[in-house]
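Peer 1: Requesting a structural model of the entry that follows:
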Amino acid sequence: MAASTIFEYRGVDNLVYAPVLEDTKDSFVTGTVKSLSPVAEIGRTTENSSESHYYDNKPMIVISSVGADELTLTVAPLDLPTYAEITGQIYDSETGSLIEGERTNQYFAIGYRTKGTDGKYRYVWRYKGQFGIPDESNQTENDGTDTTNTELTWTGVNTVYKFEKYNKSAKALVCDERYGSVNFETFFDEVKTPDNLVGIKSKVKNPIFYPTLETFTSNTLKVSLVSETPGATISYTTDESNPLTSGTTYTEPFEITGTTTIKAVAQAVGQEMTISDIVTKTYRRTIA
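Peer 2: I've put the predicted structure just below:
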């Protein structure tokens, strides 16, 4: 995303949740992702504090701390099985009844996406939190159009588990489609973490031809091929055929003796990268 890109938030949707089944120093495991409820608004506040410590009558050190996140989720009224699951209460499927009372505490991950005024989205997974009992209000029906919805609170904390990629615990993962680095089609199929989120494969740099001039007058011309991607292998042809199917592996500069069209492609075997473009260059021998 260019630094000059300016947008504001104008939309939120796709609110989902998944139970946290395990969060220990050895693993972080979540269950099946489910839709929570159509969402009207999500607000977030984060506990934080800072304090200056004085030496020689001057503030020399600032001590900062970051606490829990609290999300306020304004949603359509929940169906009773979902309400019971996220609040740790009982749903009796035989009678279609919610039994309110003593709670079983359970942590949940939640996911959603926010839309910008430019039409692009930010995708979010928050890893570990508990839902409070929803706030609801009901009022008499009148001849107006007033209705009420449900307000949920979700209080999130850091995971105990330190994700392998960074060796740190985390509260959330935020991805922005403006960077074009992630395929978001499966983002909400499972809880995405630093360890299982896979970026779009980067591309091997195109081969570069040397010399850069396209004409020569000598009897022979020595041609070199270079890829700026470390470990890349270059294949080439000198008969205008496809270097992917009939190419010679480039190992050292080679000579041509007349007008020749060279096609070349680079690939990084064993690396999570897509092959380069097939590039073409024609060297023409001219008579001095």
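Peer 1: Look up how far Thr30 lies from the one residue sitting closest to the centre of the chain.
Peer 2: Central residue of the chain (CA atoms, centre = their mean): Cys175, 4.0 Å from the mean position. Going from Cys175 to Thr30 by CB to CB, to the nearest Å gives 17 Å. All C-beta spots, glycine's among them, are computed from the backbone N, C-alpha and C.
Peer 1: if we can go back for a sec, who are the contact partners of the residue nearest to the centre of the chain?
Peer 2: Listed by CB atoms under 8 Å, 6 or more residues apart in numbering, the contact partners of Cys175 are Arg122, Tyr123, Val124, Ser181, Val182, Phe184, Phe187, Lys192, Leu197.
Peer 1: Can you name the residues bridging to it?
Peer 2: Here Cys175 sits in beta bridges with Tyr123, going by DSSP bridges.
Peer 1: got it, and Phe28?
Peer 2: Going by DSSP bridges, Phe28 forms beta bridges with Asp23.
Peer 1: quick one: it and Leu98, what's the gap?
Peer 2: Phe28 is 30 Å from Leu98, by CB to CB.
Peer 1: Could you do Pro134 as well?
Peer 2: 12 Å.
Peer 1: Please apply the same query to Val174.
Peer 2: 34 Å.
Peer 1: which of Phe28 and Leu98 has more neighbours?
Peer 2: Phe28 (24 against 17; other CB atoms under 10 Å).
Peer 1: Kindly list the main-chain dihedrals of Leu80?
Peer 2: Backbone torsions of Leu80, given as degrees, to the nearest 10, read phi -60, psi -40.
Peer 1: correct me, but it touches Tyr91?
Peer 2: Yes: between Leu80 and Tyr91 there is a contact at 5.6 Å, judged by CB atoms under 8 Å.
Peer 1: which neighbours do those two share?
Peer 2: Contacts common to Leu80 and Tyr91, judged by CB under 8 Å, 6+ apart, are Ser97, Leu98.
Peer 1: before we move on, the earlier item: filter the contacts of Cys175 down to the buried ones and hand me the ChimeraX line.
Peer 2: Applying 16 or more other CB atoms under 10 Å to the contacts of Cys175, the buried members can be selected in ChimeraX as follows:
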select :122,123,124,182,187,192
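Peer 1: Between the contacts of Cys175, which sits nearest Ser235?
Peer 2: Of all those, the one with the least separation from Ser235 (CB to CB) is Ser181, at 28.0 Å.
Peer 1: which residues touch the closest one?
Peer 2: Per CB under 8 Å, 6+ apart, neighbours of Ser181: Cys175, Gly199, Ile200.
Peer 1: Also Arg10?
Peer 2: Here Arg10 is in contact with Lys115, Gly116, Thr117 (criterion: CB under 8 Å, 6+ apart).
Peer 1: So which of these belong to strands?
Peer 2: Lys115, Gly116 (DSSP state E).
Peer 1: can you pull out the helices in the chain?
Peer 2: 80-87, 243-246 (DSSP state H).
Peer 1: who wins for proximity to Phe7 among these?
Peer 2: Closest among the helices of the chain, using CB to CB: helix 80-87, at 31.5 Å.
Peer 1: neighbouring contacts of the closest one?
Peer 2: Residues contacting helix 80-87 (CB under 8 Å, 6+ apart): 17, 19, 34, 36-37, 78, 89-91, 93, 96-99, 103, 106, 108, 131-134, 152.
Peer 1: Having no further points to raise, I will conclude here.
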